[in-house]
Every structure is written in C-alpha cells, then in structure tokens.
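**Student:** using only what follows, build the 3D model:
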Amino acid sequence: MIITITIATFANSNNNTTMNTNKQIKAALISVFDKTGLEPIVQKLNEQNVTIYSTGGTETFIRDLGINVVPVEDVTSYPSILGGRVKTLHPKVFGGILNRQDHEGDIAQMEEFNIPQIDLVIVDLYPFEKTVASGASEADIIEKIDIGGISLIRAAAKNFKDTVIVASVNEYETFLNFYNANNGSTSLQERRLLATKAFHVSSHYDTAIFNYFNTEDDVFKISVEESQTLRYGENPHQKGIFFGNLDMMFNKLHGKELSYNNLLDVDAGVNLMSEFKGEDPTFAILKHNNACGLATRPTVKEAYLAALAADPTSAFGGVLFSNAPIELDAAEEINKLFCEIIIAPGYTDESLVKLQEKKNRIILIQKQTNVSDIQVRTCLNGYLVQDKDNVTDSADILKVATQKQPTEQEVKDMLFASKIGKHTKSNTIVFAKNNQLIASGTGQTSRVDALRHAVEKANSFGFDLNGAVMASDAFFPFPDCVELAKNAGITAVIQPGGSIKDELSINYCNENNLAMVLTGIRHFKH
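**Tutor:** So this is what the prediction gives:
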C-alpha cells in the first residue's frame, strides 16, 4: 500500500534558513503555455535591462510587445524538434540554471562551454488536468504531459540558492512584489519560498498524471492545490484549514465564512440529501452531523415544518437543507428559527430578501458537482481509505423475513428511515412515519440504548409511534430491540440481518404481528 497525501498552504516566511543573500536578475528564461498576466513581468524585466530567452509562442508574445528576446535555439544551436516535444532540453539551458555560482568547477565549465547564466525561470505546465476533464482522447491527454516545463521547474527550484523559479501564474504577483521591493533582485529567503511553491506545482502535476494511469487499489495519492484558512478548528485553540475549492460546490449569497464545524455539518447534509435528489420537496435539519429533522411533503414549507417538528430543540443553531428552491412562504417560517446555514438549489428574490434579514446567516446555493467516492481519515500513524457507502436500500433488495407482509406505506417509510439511518452515527435507530423522521437514537454504545433514546425523544415531542416503522443500521443480536419497539407502537422493522441469532428477532415479530424486512446491507457510520 502506498499513500501520498499532498496539501498546500504557504506563508511568505522561511524556515530555519537565516542567510539573506540578494541576487540581481540579469537573465531570464520565459516559456509558458498560458500568457495571462505575463506582460507586466516582461515589461518590468525589460526596464531593468534583463536579457530574456524564450521559445515558441512565448517568444512571439514577447517580441510582439516590442521587447528584445533571444530565441533558445540561438543558445543551443538546435531548433524545436519532434513536434515541439523537445525545445529546452539541452545542457546549455540546464547548465545556465543549475550552475552553482560560488563553485569554482561550475564557473570554469560555464566559461569552457560558453553557457549563459540564467537567473530567473518563468514556466508553467501543459494543462493536463483540464485536458482529462474535457473528455479528450488519450492521444491528446498524453501530449499534455509536460516534459521540458517540469524539468525546468525542478532544476530552478533545486538551485534556489542562485536561481529564481516562478512556476505558476498564481505566483506572478508574489514575484513582482519581491522584485520591485528589492530593485531587481531577490533574497535567498524569497527564492526558497518560490522554490517550495514550485515543488508543490511539480508534485501536484505528477500526482494528477499518476492518478490518470493508476488502476491499482493499493496505491493512493491525493494532491489539493486550493486551501482556505478557517477561523479555527473544531475548538478555538485548534488551527483549521480547508483544502479544496468550495466555489465549485456552492454559490455563497450571504453571511459569514464557514467554520470547521459548519463544513462537517454541510458535508453530512450534502451526503444525506443526495439520497433525496429528484424526489418530492424534502427538507433536512442537521446538528452535529446528524439529522434531527427530515421530511418529504408536497411543498418546501410543509416539508420544513414537518422536519422542524421532529426536534425543534436541536434545530436551534442547525444547518438547513432543501432539495427544492425555497419560496417566500417557506422563508417566512424558516426566518423564525435561529439557524447557522441554509442550503438549497435556489431561492426566489422575495425569499432571499427575507432570509438575509439575519446578518450572519450563511445562505448557499448548491451546484451540481460530483463529490469524491473515496473517504480518507487519519488513523494512528497512518491513514484509512475506503469507498464511500454509495448503496441505497431499495424495494427490490428487500427480503420479507416474517409471516406478516409490510404495507405499501410501511415499505416507503422503511426505505425513508433507512436513508436517514445510513447517514447517522452508529449505533443508530430511526423511527419514521408518513415520510417524516419521528425520532432517532444516535451514536449510542448499544443498540438498545439508541432505541430507548429514540422512544424518549418521540414521546417528548408528542409523537404517536403507533404505525411507525423502525430502521437499524446493523443487525439485532437479541430480540430485546424488537420487543421494545413493539411496546412503543412500531409495526414494521427494516434491518440488514446477518446475526447468527436472527431467528430470535424474527420469531418475536411473528409471535407479535410485526413485519420485518432484511436488506443484507449494513450501514455502520463511525
């Protein structure tokens, strides 16, 4: 098993290196695929009388600015060959980048072979990830595996003591700030920072290529470029950072920034609500990653009120999700509740005005974006990696284990409850009735405790459990749970089965006129 997890966030500071030797930039090699933002740098280098070497389209771009540029071919005496696959791969280029300016042997060989000094390298890489994402042919994808660019980046970054590397358009502003502040030179500290960022670029690029080719289950690599520093982690004394691009998932319309705990709740809600995609209006209220209310109704307003009824106490400060656009009538009801976040596929203008009355309330539109099918968590001195639980219980997999057959509505309610149970912390028991979460027992150390907790919650909020159904995320090793459920009014039970003592629970159901169905699929969530 090989696991590589690469995430990046950088500060403009150095590590233990205390030397601060400034180097004047006298010559630069510029070769980029994307010319965006390049002109100000080229103009500034020209003002400082820096010799600029370049190739291909970049050379043309610079020349069209009216700035002198030396073709790399004039240095190497070789043209670009093999359809552009080989341009800069030459000792006179890499010698100019990699030479150690305080090393007598290097200085002598630079003179012997007439190698020009290169103090600055600005290069980017072919857009491999974008090409893969576009659905291009494998031949086109292969051509977007950069060879010269990645080599230039690694060479210049390795020799940061003498050479500046700018490996991404994202670092243009950083470099210009350094360059202008130092009147055409850079410090060792600044060069090391840019080298660190360059190695991240090359590492991320190689990871993307590897993941495209990799078909082995026992090799896993992640590299994430975007990051967002959070106010703090799970608690104020903990540092928190989110690695990823939230803008790809949500449009933020209002409110403060998402916190670490907000993000965990949002993630739990996104996963839960994916079970109800395309269904009738469904509303969920989450607290500490678990649903404390969820209902499906003809309108969003009705769904919200039914979800709220399940546990109005826990709903305070919760995260709200709707699978349908929110209109004014629903917004007026929602606005009566203090909630941290509201997420929906859309809002009417009137509803948005109403919901924005709370200054800090976060209002998001969820985009149609795929999320990872892999789950990763730290564990001891390593990582646990698993497939996401993408199995949703459906009517066609149900096996009726009892003499009594469940009614059509009971089957609907059991599947409804099973969806919720799948996304609730184990051990869990979920009660549902008429497409409404009635109560749940979550995160208990025993299934009996989870059931008792659910019964207590249902009773405390005035629900009649007669005719309700029960879902369990795992099997019943003893009949005590179905006995407690029967005494509370439950009439049908859905569970995975698989215990060597399944017959004990099934026999109890047969003797007490309960219906039980088995799914054969466990949904633990730790």
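**Student:** quick one, phi/psi of the closest residue to residue 73 other than its chain neighbours?
**Tutor:** Spatial nearest neighbour of residue 73, chain neighbours left out: residue 79 (5.2 Å); criterion: C-beta to C-beta, 6 or more residues apart in numbering. Where you see a C-beta, it was placed from the backbone N, CA and C, and this is true even at glycine. The phi and psi torsions at residue 79 (degrees, to the nearest 10) take the values phi -80, psi 170.
**Student:** pretty sure residue 79 contacts residue 71?
**Tutor:** No - the pair residue 79 / residue 71 is not scored as a contact, 9.1 Å apart, by C-beta atoms under 8 Å.
**Student:** look up how far residue 92 lies from the residue of the chain positioned farthest from its centre.
**Tutor:** What lies farthest from the middle of the chain is residue 112; by C-alpha atoms, centre = their mean that is 52.4 Å. Distance, residue 112 to residue 92, by C-beta to C-beta, to the nearest Å: 12 Å.
**Student:** likewise for residue 479?
**Tutor:** Look at residue 479 and residue 92: by C-beta to C-beta, they are 83 Å apart.
**Student:** where does the stretch 151-300 of the chain have low pLDDT?
**Tutor:** For the stretch 151-300 of the chain, applying pLDDT under 70 flags the ranges 217.
**Student:** can you map out the strands along it?
**Tutor:** Listed in chain order, the strands of the stretch 151-300 of the chain (DSSP state E, counting those that start in this stretch) span 164-166, 185-186, 219-224, 227-229, 241-243, 250-254, 282-287, 290-296.
**Student:** report the strands that pair with the fifth one, each with its relative direction.
**Tutor:** Partner strands and pairing direction for strand 241-243 (DSSP bridges) are strand 227-229 (antiparallel).
**Student:** show me what counts as buried in the partner strand.
**Tutor:** residue 228 (16 or more other C-beta atoms under 10 Å).
**Student:** what's the answer for stretch 394-401, then?
**Tutor:** Of the residues in stretch 394-401, those buried (16+ other C-beta under 10 Å) are 398, 401.
**Student:** in contact with the residue most central in space within the chain, which residues?
**Tutor:** Geometric centre of the chain, nearest residue: residue 244, 4.6 Å, by C-alpha atoms, centre = their mean. Contacts for residue 244 (C-beta atoms under 8 Å, 6 or more residues apart in numbering) come out as 224, 226, 227, 228.
**Student:** what about the third one, distance to residue 245?
**Tutor:** In this structure, residue 227 and residue 245 are separated by 9 Å, where distance is defined by C-beta to C-beta.
**Student:** and residue 168, by the same measure?
**Tutor:** Distance of residue 168 to residue 245, computed by C-beta to C-beta: 16 Å.
**Student:** which one of the two is surrounded by more residues?
**Tutor:** residue 168 (22 against 13; other C-beta atoms under 10 Å).
**Student:** once you drop chain neighbours, what's closest to residue 206?
**Tutor:** Per C-beta to C-beta, 6+ apart, closest to residue 206 is residue 150, 7.6 Å.
**Student:** tell me where the stretch 351-500 of the chain has strands.
**Tutor:** Using DSSP E, counting those that start in this stretch, strands in the stretch 351-500 of the chain cover 362-366, 374-379, 382-387, 399-400, 429-432, 437-441, 469-472, 492-495.
**Student:** need the ones you listed in a markdown table (columns: distance to residue 32).
**Tutor:** Shown next, in a markdown table, are these (distance: least, C-beta to C-beta, whole Å):
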| stretch | distance to residue 32 |
| --- | --- |
| strand 362-366 | 35 |
| strand 374-379 | 33 |
| strand 382-387 | 35 |
| strand 399-400 | 61 |
| strand 429-432 | 55 |
| strand 437-441 | 55 |
| strand 469-472 | 56 |
| strand 492-495 | 58 |
